[in-house]
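Asks: I would like to see how this sequence folds:
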Amino acid sequence: MADLRKLPNLSALRAFEAASRTDSFSRAAEEIYVTPGAISHQIRALEQELGVQLFIRNGKRITITEQGQRFAATIRKSLNEIALAAEALKFDAKQKRLTISALPSFASRWLAPRLWKFIDLHPDTEVLLQSSSHLNDLAREPIDVGLRFGFGNYPGMVVEKLMDDFYYPVASPSYRNGNLPKSPQELEQCSLLRMDTEASWLPWFDAAKVDLVEPTGGLQIEDASMLLRSASDGLGIALTRHAIALQEIASGQLIRLFDVVARCPTSYYFACTPEAMNKPQVKAFHRWLMEEVKIFKAQSDWPGPPPLPLEDGATRPS
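Replies: I've put the predicted structure just below:
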């Protein structure tokens, strides 16, 4: 590495670059707000320091030498990089941007309703929330944080587990005119909604100790939010995750059935690159998110209390 203490005078380098680009001491002087005499003096001093003639002078006309052209190209590239770095710092100082990618159901039903609290705490940060069902490449895409639902094996990433989740069935209070199943075994006579990309009913059947088979035929839904909407519309009973169903349960659109839960084989994780973790806005979001998860678990009595039984044997959320 070169000894930076031996750098030529930076003002002289700037004067030389301007003169080499404009082919004029006068125009270079106008550009950097000094006199033409000052430009000429700085360049002569630079030539003496380097021991190389950078310009051929013919009265007021100047012609850059071949060595001067090569040196000017190097100086111009370096000054451009400095200018770009300075602009980036100015932009970061004015506006911090945080880009978050999450599974659509988690983004819309858990994160988005809470995100205003983070924005209130950090009004200088612009937050961009992206929802995507595919696994983003955090090392290649312009994404600061990925909130993932998986097994936590994300090589090269900073990874921290947020929380587990649990499955249980939910139904509209008006499903079958309010004649909701009184026991898990009665689900055999019900329309069971299912997702083609998510949970099988079998682990929950095992937890409930009922001998039922995986539902086939009927309505199969790709999106968790659509699944809950279909259940709210009375089209059937949905097996849903606790973290994404609480809005409908709290509003009374859906009722949690029975006191049985099945743990999801996958969990929610915070993930980002080591470089992203050094950003102040990512550190701030990570701190806020971990605290918000703690609050959520405490408020929802994680994984949630058993539902209260009704007189007719159905259940409602406590």
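Asks: quick one: low-confidence ranges for the stretch 101-250 of the chain?
Replies: 133-136, 196-199, 217-219 (pLDDT under 70).
Asks: Which stretches in it count as helices?
Replies: All helices of the stretch 101-250 of the chain, identified by DSSP state H, counting those that start in this stretch, fall at 104-106, 112-121, 202-208, 224-232, 242-251.
Asks: list the helices and strands the shortest one packs on?
Replies: Counting by 3 or more Cβ pairs under 8 Å, 6 or more residues apart in numbering; DSSP states H and E, the packing neighbours recorded for helix 104-106 are helix 224-232, helix 242-251. The C-beta positions use only the backbone N, C-alpha and C, and glycine is treated the same way.
Asks: sorry, back to before: could I get the helices of the stretch 101-250 of the chain in TSV, plus columns for distance to E188 and mean neighbour count?
Replies: Below are the helices of the stretch 101-250 of the chain laid out as TSV (distance: least, Cβ to Cβ, whole Å; neighbours: other Cβ atoms under 10 Å):
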stretch	distance to E188	mean neighbour count
helix 104-106	27	20
helix 112-121	35	13
helix 202-208	10	17
helix 224-232	18	20
helix 242-251	23	19
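Asks: Which among those helices is found nearest to G152?
Replies: Between G152 and these, the tightest spacing by Cβ to Cβ is seen for helix 104-106, at 15.2 Å.
Asks: Touching that closest one from outside, list them.
Replies: 131-133, 147, 149, 223-225, 241, 243-244, 268 (Cβ atoms under 8 Å, 6 or more residues apart in numbering).
Asks: can you do 10 Å?
Replies: Contacts of helix 104-106 with the rest of the structure, by Cβ atoms under 10 Å, 6 or more residues apart in numbering, involve 112, 130-133, 147-149, 162, 165, 195, 198, 223-228, 240-241, 243-245, 268.
Asks: Ok, stretch 4-16 next?
Replies: Under Cβ under 10 Å, 6+ apart, the answer for stretch 4-16 is 25, 28-29, 31-32, 34, 38-47, 49-50, 54-55, 64, 68, 71-72, 74-76, 78-79, 82.
Asks: thinking again about what came up before, may I see the helices and strands packed on helix 104-106 arranged in a markdown table, with distance to K283 as well?
Replies: Output for the helices and strands packed on helix 104-106, formatted as a markdown table (distance: least, Cβ to Cβ, whole Å):
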| stretch | distance to K283 |
| --- | --- |
| helix 224-232 | 30 |
| helix 242-251 | 24 |
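Asks: The stretch 1-150 of the chain: strands as residue ranges?
Replies: 55-58, 61-64, 96-102, 125-131, 145-150 (DSSP state E, counting those that start in this stretch).
Asks: out of the ones you listed, deepest packed?
Replies: strand 145-150 (a mean of 22; mean count of other Cβ atoms under 10 Å).
Asks: mind listing what it pairs with, with the direction of each?
Replies: The pairing partners recorded for strand 145-150 under DSSP bridges are strand 96-102 (parallel), strand 267-272 (antiparallel).
Asks: Compare those strands and give me the one nearest F285.
Replies: strand 96-102 (5.8 Å).
Asks: what is the orientation angle of the closest one with strand 125-131?
Replies: Inter-element angle recorded for strand 96-102 and strand 125-131: 20 degrees (by axes from the mean of the first three to the mean of the last three Cα atoms, to 10 degrees).
Asks: distance of the residue nearest to D223 when sequence neighbours are not counted from E291?
Replies: Closest residue to D223 apart from its sequence neighbours, by Cβ to Cβ, 6 or more residues apart in numbering: P104 at 6.7 Å. As for P104, its distance to E291 is 24 Å (criterion: Cβ to Cβ, to the nearest Å).
Asks: what residue is smack in the middle of this structure?
Replies: Centroid-nearest residue in the chain, with Cα atoms, centre = their mean: I100, separated by 1.5 Å.
Asks: Tell me the buried residues in stretch 253-271?
Replies: In terms of neighbour count (16 or more other Cβ atoms under 10 Å), stretch 253-271 has its buried residues at 253-258, 260-262, 264, 266-271.
Asks: Quote the end-to-end distance of that stretch.
Replies: 33 Å (Cα to Cα, to the nearest Å).
Asks: Quick one: mean pLDDT for it?
Replies: Rounded to a whole number, the mean pLDDT of stretch 253-271 is 92.
Asks: residues near K77, how many?
Replies: Neighbour count for K77, taken as other Cβ atoms under 10 Å: 10.
Asks: From P104, how far out is the residue with the largest distance to the centre of the chain?
Replies: Here the chain reaches farthest from its C-alpha mean at G59, the gap being 61.0 Å by Cα atoms, centre = their mean. Noted for G59: a distance of 72 Å to P104, by Cβ to Cβ.
Asks: do K90 as well
Replies: Counting by Cβ to Cβ, the gap from K90 to P104 is 35 Å.
Asks: Burial check on V213, number of neighbours?
Replies: V213 has 9 nearby residues by other Cβ under 10 Å.
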